[in-house]
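Participant: predicted model follows, preceded by the sequence.
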Amino acid sequence: MRIVKNPHRSIGLTDPSLTGVPHPSISARKPIEMLKRCPRAEKTPLLQSPDLAARLGVSQLWLKDERNRMGLGSFKALGAAYVIARNTAEEANSKATYITASAGNHGMSVAAGAAAFGQEAVVYISEQVPQSFANRIEATGADVVREGATYEDSMEAAAQAAQKLGAMLLSDSSWDGYMDAPFGVMEGYLVLMDEVCNNLTPPPTHIFLQAGVGGLAASAAALARDRWRDAPKIIVVEPEAAPALIKSIEAGRPLDTTGPDSAMGRLDCKTPSLIALKGLARDADFFVEITEEEGQAGADLTVQAGIASSPSGAAGIAGLAAGQPHFGALGIGQDARVLAILSEGPEV
């Protein structure tokens with residue numbers, strides 16, 4: 001594990017490349033109301049795991065269990081489904097085709113959202129994405145196109161296809177000139193953190209948030225700061241193979257990064273979302289990298305505890321476990337109350 005204390009906390013990044021980039025939304029009410037229209041829109045559980053807490057040396061461990069959100073197996077169900085629901089409501093009786101790139105779960109959200117509201121979806125995936133995810137996406141009625149060796153390659157292919165076809169690109173990442181749709185996707189993610197905030201008293205002392213492009217982490221961190229102010233320390237966890245956020249924080253500006261493929265596939269993103277980076281630079285206290293072995297160890301812990309997740313979905317727990325020798329640096333004592341997110345179910 002490598003730990004970086006965020007030097008930009010509270011102030012944020014001032015690099016000119018982020019001028020005009022919005023901070024993440026903290027308006028949870030809109031997605032909460034809109035997502036009520038979606039099938040299987042029930043709240044997900046907030047679990048307490050005394051056994052894992054004792055094993056990891058903290059007083060309490062709370063886990064927001066997103067493994068069956070809307071029956072899709074991931075928090076990602078919230079994001080694209082919300083944007084499609086909102087667009088359909090605003091443009092009654094209109095038909096649209098949504099094109100996206102995905103490492104798996106975002107694509108399922110786009111596909112399911114499109115199916116629920118009578119729209120079309122095309123999902124681009126890279127060669128790295130397991131066939132099981134492709135099958136699940138196709139089962140919802142979306143078309144799947146394999147393109148490129150990496151997530152970034154498939155994202156470029158999706159953007160080109162959307163422009164050529166006049167379709168709507170619905171990415172969960174943001175970049176210069178593309179902000180509105182990912183801002184809405186991230187707004188949808190606020191629903192899960194709103195559920196946590198309404199059911200967790202007192203607030204946690206520490207929150208571990210896994211990150212790929214950073215959308216979930218930034219949305220959760222923004223709402224946590226709005227509701228709980230400076231009470232929790234927020235720790236962002238990335239794969240060592242895809243350190244897009246931590247490297248950007250160190251550089252003080254957005255950076256494209258390189259690295260080998262990661263088994264934490266849904267976090268294996270080499271370029272940060274600009275909205276997410278801007279929010280996390282202001283709201284996160286620490287950024288940490290975990291190795292492939294540490295990521296797998298986190299997933300193994302969830303299996304042993306009877307709450308099985310994947311290395312991606314359990315990366316927050318992996319960060320806590322790998323951080324045990326560094327608890328002093330992270331301000332974690334035996335009385336710590338930790339929140340983590342099981343962001344997806346086990347890989348199948």
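Facilitator: Noted; the coordinates are in hand. Residues are numbered from 1 along each chain as shown.

Participant: please enumerate the strands of this structure.
Facilitator: 2-5, 46-48, 60-65, 97-101, 120-125, 143-146, 168-169, 206-210, 233-239, 286-290, 337-342 (DSSP state E).

Participant: now do the shortest one: everything it contacts.
Facilitator: Residues outside strand 168-169 that contact it (C-beta atoms under 8 Å, 6 or more residues apart in numbering) are 87, 96-100, 158-159, 162-163, 178, 181. Glycine gets a C-beta too; all of them are placed from N, C-alpha and C.

Participant: out of these, who's the most crowded?
Facilitator: Thr100 (30 neighbours; other C-beta atoms under 10 Å).

Participant: domain ranges for the protein?
Facilitator: Under the assignment automatic domain parsing, the domains of the chain span 2-70+189-342, 77-171.

Participant: off-centre distance for the longest one?
Facilitator: Pointing back at domain 2-70+189-342 there. Per C-alpha atoms, centre = their mean, to the nearest Å, the displacement of domain 2-70+189-342 from the mean C-alpha position of its chain is 8 Å.

Participant: tell me the mean pLDDT for that domain?
Facilitator: The pLDDT scores in domain 2-70+189-342 average 96.

Participant: how big is the angle separating the lengthiest helix in the chain from strand 60-65?
Facilitator: In the chain, with assignment by DSSP state H, the single longest helix is helix 180-197. Counting by axes from the mean of the first three to the mean of the last three C-alpha atoms, to 10 degrees, helix 180-197 lies at 140 degrees to strand 60-65.

Participant: return the set of buried residues in helix 180-197.
Facilitator: Residues of helix 180-197 classed as buried by neighbour count (16 or more other C-beta atoms under 10 Å): 181-197.

Participant: quick one, what contacts the residue nearest to Met34 when sequence neighbours are not counted?
Facilitator: Nearest residue to Met34, sequence neighbours excluded (C-beta to C-beta, 6 or more residues apart in numbering): Ala85, at 4.8 Å. Contacts here follow C-beta under 8 Å, 6+ apart; on that basis Ala85 touches 34-35, 37-38, 113, 116-117.

Participant: next one: Lys95
Facilitator: Taking C-beta under 8 Å, 6+ apart, one finds 118-120 in contact with Lys95.

Participant: who wins for most neighbours among these?
Facilitator: Gln119 (19 neighbours).

Participant: could you pull up the residues touching that residue?
Facilitator: Going by C-beta under 8 Å, 6+ apart, Gln119 touches 84, 88, 95-98, 113.

Participant: do you know the pLDDT at it?
Facilitator: Confidence score, pLDDT, at Gln119: 94.

Participant: and the nearest residue to Ala221 once chain neighbours are set aside, how many neighbours?
Facilitator: Leaving aside its sequence neighbours, Ala221 sits nearest to Asp283 (C-beta to C-beta, 6+ apart; 4.0 Å). For Asp283, the neighbour count with other C-beta under 10 Å is 26.

Participant: ok, the residue nearest to Met34 to Asp172 distance?
Facilitator: 16 Å (C-beta to C-beta, to the nearest Å).

Participant: just Ile246 next, same as before
Facilitator: Using C-beta to C-beta, we find Ile246 at a distance of 19 Å from Asp172.

Participant: with neighbour numbers in mind, choose between those two.
Facilitator: More crowded of Ile246 and Asp172, by other C-beta under 10 Å: Asp172, with 32 against 26.

Participant: my guess is that one contacts Ser273. True?
Facilitator: Yes: between Asp172 and Ser273 there is a contact under C-beta atoms under 8 Å: 7.4 Å.

Participant: common neighbours of the two, please.
Facilitator: Both Asp172 and Ser273 are contacted by 182, 213, 215, under the criterion C-beta under 8 Å, 6+ apart.

Participant: verify the contact between the second one and Lys270 for me.
Facilitator: Read it as Val213. No: applying C-beta under 8 Å as the test, Val213 and Lys270 come out as separate, 9.4 Å apart.

Participant: hey, what's in contact with both of those two?
Facilitator: Ala244.

Participant: which residues of the chain fall in helices?
Facilitator: Counting by DSSP H, the chain has these helices, from start to end: 29-35, 50-56, 77-90, 105-116, 131-139, 151-165, 180-197, 215-228, 244-251, 274-283, 292-304, 315-322, 327-330.

Participant: quick revisit: top of the contacts of Ala85 by number of neighbours, please.
Facilitator: Each of the contacts of Ala85 was scored for neighbours by other C-beta under 10 Å, and Gly113 scores highest at 31 neighbours.

Participant: possible to save the contacts of strand 168-169 as TSV with distance to Lys30?
Facilitator: As requested, those are exported to TSV (distance: C-beta to C-beta, whole Å):
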residue	distance to Lys30
Asn87	13
Ala96	20
Thr97	24
Tyr98	19
Ile99	24
Thr100	21
Ala158	26
Ala159	26
Ala162	25
Gln163	28
Tyr178	21
Ala181	15
